[in-house]
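Student: Mind looking at a prediction? Sequence and model below.
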Amino acid sequence: MALNSESSAASGSGIEQLLRLQRRDGGWPAFLGDSAGSWTTALALCALNEMTDFAGAREKAFHWLIAERGREAHWLWRWKFKTADRNVRFDPDKYGWPWISGSASWVIPTAFSVIAIKQFTVCNRSAASEKRIHLGVEMLLDRACVDGGWNSGNSVVYGVPLCPHVEATAIALLALQDEQRTEIIQKSLSWLRQNAASVDSVSSLAWCILSLFVYQEPIGGLKNRLATVIGDGRDIGNNATLATAILALKCGEMIHPFEVLR
């Protein structure tokens, strides 16, 4: 995504690598050599959604995401969380996507999956895609923290309300950008806007910019601060962080990679 508008050769090489790593079932592993599909399928589909090619790969990824779900989707786990396990507070009927197959739903993989499916089906929503989008959105709203924003998973554990995290909140808001502005969304947007001013992490600041932009919030000051923090980028050892920063710095100058068209 980050290289797409700068170097067609480098971007093409990255796409070729993605296509080689896609599993037969349509999913992508979390890393080279992993034997199962994972949350990265949503991120890969977002990358391919920017292009008109690779329809087969995108279709397979879409069907993998539609079939994938958190283990709360199974009746036995729903019964467990409703009757036996009261240490966490959430509605198990509202489930999303896990980090890895077979585990529970989490906020960030659910948000990316909702974005990827919304983008892929923007002109051709089906009953199956609408159901999964709706469930994912409901899960995100259900897991929101008491005063707005999102933690990585549940909002209350052992009766204690948890504090929101910047990246989880920014990414969840990206998934909800085209939804009705409920009180939860408004409170979460307000929380992110207020906290973005004090964020020092490159990755967190980049996600703040990417999220606030789609809500038409001012991001000029945040972009300037991000540019100052990263310098020439040579001190950033994580390529995902560097790529996210590049995308954030290009906000308003290129098609937003996580924008959902209405």
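Tutor: Structure's in. What do you need?
Student: nearest spatial neighbour of S152, skipping sequence neighbours?
Tutor: Distance criterion Cβ to Cβ, 6 or more residues apart in numbering; nearest residue to S152, sequence neighbours excluded, is A168 at 5.4 Å. To be clear about C-beta, it is placed using only N, CA and C from the backbone, and glycine gets the same treatment.
Student: what's downstream of the helix or strand hosting that neighbour, the next helix or strand?
Tutor: A168 is located in helix 166-175, with elements delineated by DSSP states H and E. As assigned by DSSP H and E, the chain's next helix or strand after helix 166-175 is helix 183-196.
Student: what's the spacing between that next one and its chain's center?
Tutor: When distances are taken as Cα atoms, centre = their mean, to the nearest Å, helix 183-196 is centred 17 Å away from the chain's centroid.
Student: Next: stretch 103-111.
Tutor: 9 Å.
Student: A206 touches A243, doesn't it?
Tutor: No. Contact criterion Cβ atoms under 8 Å: A206 and A243 do not qualify, at 9.1 Å.
Student: higher neighbour count, the two?
Tutor: A direct count of neighbours by other Cβ atoms under 10 Å for A206 and A243 places A206 higher, at 28 against 16.
Student: What sits closest to the more buried one if chain neighbours are left out?
Tutor: Using Cβ to Cβ, 6+ apart, the closest residue to A206 is A248 (3.8 Å).
Student: Follow the chain on from the helix or strand A227 falls within and name the next helix or strand.
Tutor: Using DSSP H and E, A227 maps to helix 220-230. Using DSSP H and E, the helix or strand that follows helix 220-230 in sequence is helix 239-249.
Student: So which bits of that following helix are buried?
Tutor: When burial is assessed from 16 or more other Cβ atoms under 10 Å, helix 239-249 yields the following buried residues: 241-249.
Student: Reformat these as TSV; add distance to G56.
Tutor: Formatted as TSV, the buried residues of helix 239-249 follow (distance: Cβ to Cβ, whole Å):
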residue	distance to G56
T241	31
L242	30
A243	25
T244	28
A245	32
I246	28
L247	26
A248	31
L249	33
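Student: for those residues, which one is nearest D25?
Tutor: Proximity of these to D25 (Cβ to Cβ) peaks at A243, which lies at 26.2 Å.
Student: The nearest residue to that closest one once chain neighbours are set aside: neighbouring residues, count only.
Tutor: Nearest residue to A243, sequence neighbours excluded (Cβ to Cβ, 6+ apart): A2, at 3.9 Å. For A2, the count of nearby residues is 22 (other Cβ under 10 Å).
Student: What residues does G96 make contact with?
Tutor: 69-70, 105-107, 109-110, 113-114, 135-136, 139-140 (Cβ atoms under 8 Å, 6 or more residues apart in numbering).
Student: and if you look at V166?
Tutor: By Cβ under 8 Å, 6+ apart, the neighbours of V166 are 192, 195-196, 199, 201, 204, 207-208.
Student: Go through these and name the one nearest G26.
Tutor: W207 (26.6 Å).
Student: still on that earlier bit, which ones are touching the residue nearest to S152?
Tutor: 107-108, 149-152.
Student: Output the below-cut-off pLDDT ranges for the stretch 101-250 of the chain.
Tutor: 158 (pLDDT under 70).
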